[in-house]
Structures are given as C-alpha cells and as structure tokens.
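Participant: need coordinates for the following:
(one chain, ligands or ions: 1)
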Amino acid sequence: MPDHDRIYREEAARYHEMIASQPDLRAVVEDIVPVAGLDVVDLGAGTGRLSVPLAKGAKSLVALNASAEMLEIAAERLREAGCSDRATTRVADHRSLPLPDDGADLVVSGWSVCYLCGSDVPGWQDNLAAVISEIKRIVRPGGTAILFETKPYYRELTETYGFSHRWIRLDYEFEDAGRAERLSRFFFGDELADRVARDGSATLPECAGVWWLKFA
Ligand SMILES: C[S@@+](CC[C@H](N)C(=O)[O-])C[C@H]1O[C@@H](n2cnc3c(N)ncnc32)[C@H](O)[C@@H]1O
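Facilitator: Sure, this is the predicted structure:
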C-alpha cells in the first residue's frame, strides 16, 4: 500500500486529481442537515472536497488538517470559489482542535479519522474517544457531526456513540481507463490497480459509509 503520509505531504495535487472524479457530497450532507447559515468545521479537510461545496452556503467554515500541503490546495480552491470572506484553513490534529467550545453547528470529516482509528492502529479506541470528545466539545447543543468513511470498523460509532449510518455509491468516474489505472495505483497500490488494468474501465466502483449524530 502506498505511503499516504508522504502523498499528503508531497503529492497533494495528484490526490486532488483522483478524488475530483468522485461525486460532489454536498447533497448527502444537505439530506442530513441544511447547511445555509451554519458555522461548519471540516476535520481532515485535505484539498477541500467537503469544505469547498459546503463553504458556499455556510455562515463560516474552518478547514483543519494535519498536512499543510493539502490545505494549500483547499485554501486556493476556497479562494477560487469566492469563499475567502468566510472560510479559513489551519493545521491541526483531530485529537486537539484549536477551536473554542460550542462554536460550530456542523462538524464534517471525510476519510480522515480512519488514520487514527483503523483497527490496525495501536490505541485506536482511545484515539476514537479523543476525537469524539473533541467533536462534542466544539459542537453547540443542537449541532450535528457527519463522518464519511469506507472501512467497516466504524461499527463502534453506532454501537458506542449512537451515530446513525447509511451507505452511498461513490464511484470514481475517471476520464479514461489509463487515468483510472494510474491514479488507483498511485493511491491504492498495485493489487487494485492491476485489477483496474485488467477490467480496462474508466469507472472504479466505490461505496462509502455516512455516519451522523445530532447532539441534544
Ligand atoms: C484521505 S484524505 C481526505 C481528505 C478530504 N477530507 C477528502 O475527503 O478528500 C485524509 C486527510 O486526513 C489528514 N489527516 C490524517 N491524519 C490526521 C490527523 N490525525 N489530524 C488531522 N488530519 C489528519 C491527511 O493529511 C489528509 O489530508
């Protein structure tokens, strides 16, 4: 499996090229909570896949991420989308958020908490407890948290923390089969990319889980 920490430091633009071939997730978020007028925080915002569409209607948006290089692209995309007046970016780790108590209406996070909470990470349950505790601290009463993930270990979210859950399709629709192979090899490694090459398709099927919790 490729080294994702290195990719987030050195190949942020290529990561963005890959995920730009997936559907926009704003409608999935809007189905859970209308975003207009909300103070939104995106944890592990990366290149802004969630931050950019959500910032357009939000009152404010803070994009946090461990890698400054990923955030540089998010900041540029937020500027291009005309959201600089309400959106900021900041380097931060999920376990210690540089934000005040009760300041957010909505916290979102896409494919990022997994780096602390995969079942192969020592202490992952303590990490998950620390992340959930930080989310609860920064969300106002009545606010919402929405997490997107692909791996199933998030069962803990429903069983221990009371999240609701559903699956969505999130296929990659690359421009051509060559790009499908190149970008899947870059991020997912040879085993998957070899399969993509054999299939010869520009579409890489993908499912993702959505977990959400409304705070009392
Ligand atoms: C797969 S990318 C997801 C980016 C974006 N949310 C998206 O959906 O495209 C994972 C991101 O999480 C960030 N990340 C990993 N561990 C982190 C941590 N402990 N705290 C904050 N960000 C982290 C990485 O730097 C990377 O930008």
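Participant: now do residue 199 against residue 180, distance only.
Facilitator: In this view, residue 199 and residue 180 are 8 Å apart by CB to CB, to the nearest Å. Using the backbone N, CA and C atoms, a C-beta is placed for each residue, glycine as well.
Participant: more neighbours: these two, which one.
Facilitator: When neighbours are counted by other CB atoms under 10 Å, residue 180 comes out ahead of the other of residue 199 and residue 180, with 24 against 14.
Participant: okay, the more buried one: pLDDT?
Facilitator: Here the pLDDT value assigned to residue 180 is 98.
Participant: which residue, neighbours along the chain excluded, lies closest to residue 158?
Facilitator: residue 165 (5.4 Å; CB to CB, 6 or more residues apart in numbering).
Participant: that's a strand at the one you found, yeah?
Facilitator: Yes - Residue 165 forms part of a strand when assessed by DSSP: H, G, I helix; E, B strand; the rest coil.
Participant: how many neighbours does it have?
Facilitator: Residue 165 has 14 nearby residues by other CB under 10 Å.
Participant: begin at 56 from here
Facilitator: With 56 as the first residue, the last one maps to residue 220.
Participant: who touches the helix-or-strand element of the chain with minimal mean pLDDT?
Facilitator: Lowest on mean pLDDT, DSSP states H and E among the helices and strands of the chain sits helix 210-214, with a mean of 89. With CB atoms under 8 Å, 6 or more residues apart in numbering as the test, helix 210-214 has contacts from 172, 180, 183, 202, 218-220, 266, 268.
Participant: how does it look with 6 Å?
Facilitator: 218, 220, 266 (CB atoms under 6 Å, 6 or more residues apart in numbering).
Participant: quick check: residue 253 vs residue 139, distance?
Facilitator: With CB to CB as the criterion, residue 253 and residue 139 are 45 Å apart.
Participant: revised request: answer the last question for residue 202.
Facilitator: 27 Å.
Participant: quick one, which of these two is more surrounded?
Facilitator: residue 202 (27 against 12).
Participant: mind listing what the spatially most central residue of the chain touches?
Facilitator: By CA atoms, centre = their mean, the chain has its centre lying nearest to residue 165, at 1.6 Å. By CB under 6 Å, 6+ apart, the contact set of residue 165 is 104-105, 203.
Participant: same check on residue 242?
Facilitator: residue 73.
Participant: and whatever residue of the chain ends up closest to the ligand, what's its pLDDT?
Facilitator: Ranked by CB to the nearest ligand atom, the top residue of the chain for proximity to the ligand is residue 101, at 2.4 Å. For residue 101, the model assigns a pLDDT of 98.
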